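[1] predicted model, plus sequence, below.
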Amino acid sequence: MKFLLGKTIGQKATGRFEKAGLILWAALLALSLVNAGCIGVTGANSNNGAPDTTAPSVSITSPTAGAGVSGTVNVVASASDDVAVVGVQFKVDGANVGAEDVVPPFAIAWNTSGLSNGNHTLVAVARDTAGNVATSAPVVVSVGSGNTDSTAPSISISSPANGASVSGTITVQVNASDNVGVVGVQFKVDGANAGAEDTVAPLASSLNTSSHSNGSNS
């Protein structure tokens, strides 16, 4: 009986050592997979588990530096990041203008009527998913009730290409810019309006070609 009891105790001890060895082996395997980038770690980006320390890039695309503005002006920013931009805060003379814009395209309607005439400085502050922030280069504009914008916007159709054969419903897209700001684009086919003026970027229109005759249309 004592021999059998001793044997039973020895078997249990051996079993414990085997389990401990398996646990240690599993832990070492998991650690090696993390180091190899095969297993993600919460709070880290896809760069081999390293935290995201790269700030976004951001710039104000409209209005341009030196522009004379008055009334309500569309301020537009371009922002990008190695992971994702979650918001852009616009500022005038260091003070926030409205709430952070969290939906691209990043833009805000800036009412200049409450500001004194003269130069004012615009910046945009972009924030990414890790909380990194970046501030755009300042854009100085001249605010004044007497400012008159005499510069026309520039615009081109980016899709479809000239001479393309189309059918059914297509998306017509344009590139439009202005020294102060583009407030709308009216699409036309053969001189007639195609839908209402598009006032929200990106500027595009859904065109049903079935209502037009076969052949060349412009």
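    Done, it's in. Every value quoted in this text rests on a predicted model; they were computed, and no experiment measured them.

[2] identify the bridge partners of Gly68.
    Bridge pairing for Gly68 (DSSP bridges) gives the partners Ser142.

[3] just checking, it touches Gly144?
    Yes: Gly68 lies in contact with Gly144 (CB atoms under 8 Å); the separation is 6.4 Å. C-beta here means a position set from N, CA and C on the backbone, and glycine is covered the same way.

[4] next structured bit after the helix or strand of the chain with the lowest mean pLDDT?
    Across the helices and strands of the chain, mean confidence by mean pLDDT, DSSP states H and E is lowest for helix 2-35: a mean of 55. Using DSSP states H and E, the next helix or strand after helix 2-35 towards the C-terminus is strand 57-62.

[5] per-residue confidence averaged over that next one?
    What strand 57-62 shows for mean pLDDT is 97.

[6] packing partners for it?
    Here strand 57-62 touches strand 72-80, strand 118-128, strand 133-135, going by 3 or more CB pairs under 8 Å, 6 or more residues apart in numbering; DSSP states H and E.

[7] who does the second one pair up with?
    It stands for strand 118-128. According to DSSP bridges, strand 118-128 forms sheet pairs with strand 85-92 (antiparallel), strand 133-135 (antiparallel), strand 139-143 (antiparallel).

[8] next structured bit after the last one?
    The one in question is strand 139-143. Downstream of strand 139-143, the next assigned helix or strand under DSSP H and E is strand 154-159.

[9] not counting that following strand itself, show me its contacts.
    Strand 154-159 is contacted by residues Thr171, Val172, Gln173, Val174, Asn175, Ala176, Ser177, Asp178, Val182, Val185 when judged by CB atoms under 8 Å, 6 or more residues apart in numbering.

[10] now do 10 Å
    170-179, 182, 185, 187, 202-204 (CB atoms under 10 Å, 6 or more residues apart in numbering).

[11] are any of these buried, and which?
    Among the contacts of strand 154-159, those classed as buried by 16 or more other CB atoms under 10 Å are Val172, Val174, Ala176, Asp178, Asn179, Val182, Val185, Phe187, Leu203, Ala204.

[12] residues contacting the fourth one?
    Read that as Asp178. Ser62, Pro63, Thr64, Ala67, Asn74, Val76, Asp149, Thr151, Ala152, Pro153, Ser154, Ile155.

[13] which residue packs closest to the second one, ignoring adjacent ones?
    If I follow you right, that is Pro63. Val180 (4.8 Å; CB to CB, 6 or more residues apart in numbering).

[14] and for Ala201?
    Pro105 (4.7 Å).

[15] endpoints of stretch 186-196, how far apart?
    End-to-end distance of stretch 186-196 (CA to CA, to the nearest Å): 7 Å.

[16] just the buried positions in that stretch, please.
    Phe187, Val189, Ala194.

[17] which outside residues touch it?
    Taking CB under 10 Å, 6+ apart as the rule, stretch 186-196 contacts 157, 172-174, 184, 197-199, 203-209, 211-213, 216-218.

[18] any idea which helix or strand comes after the helix or strand hosting Val174?
    Assessed by DSSP H and E, Val174 sits inside strand 169-177. With elements assigned by DSSP H and E, the helix or strand that comes after strand 169-177 is strand 188-189.

[19] tell me how far the next helix or strand after that following strand is from the chain's mean position?
    Next helix or strand after strand 188-189 toward the C-terminus (DSSP H and E): strand 192-193. Its chain's C-alpha centre and that of strand 192-193 lie 33 Å apart, by CA atoms, centre = their mean, to the nearest Å.
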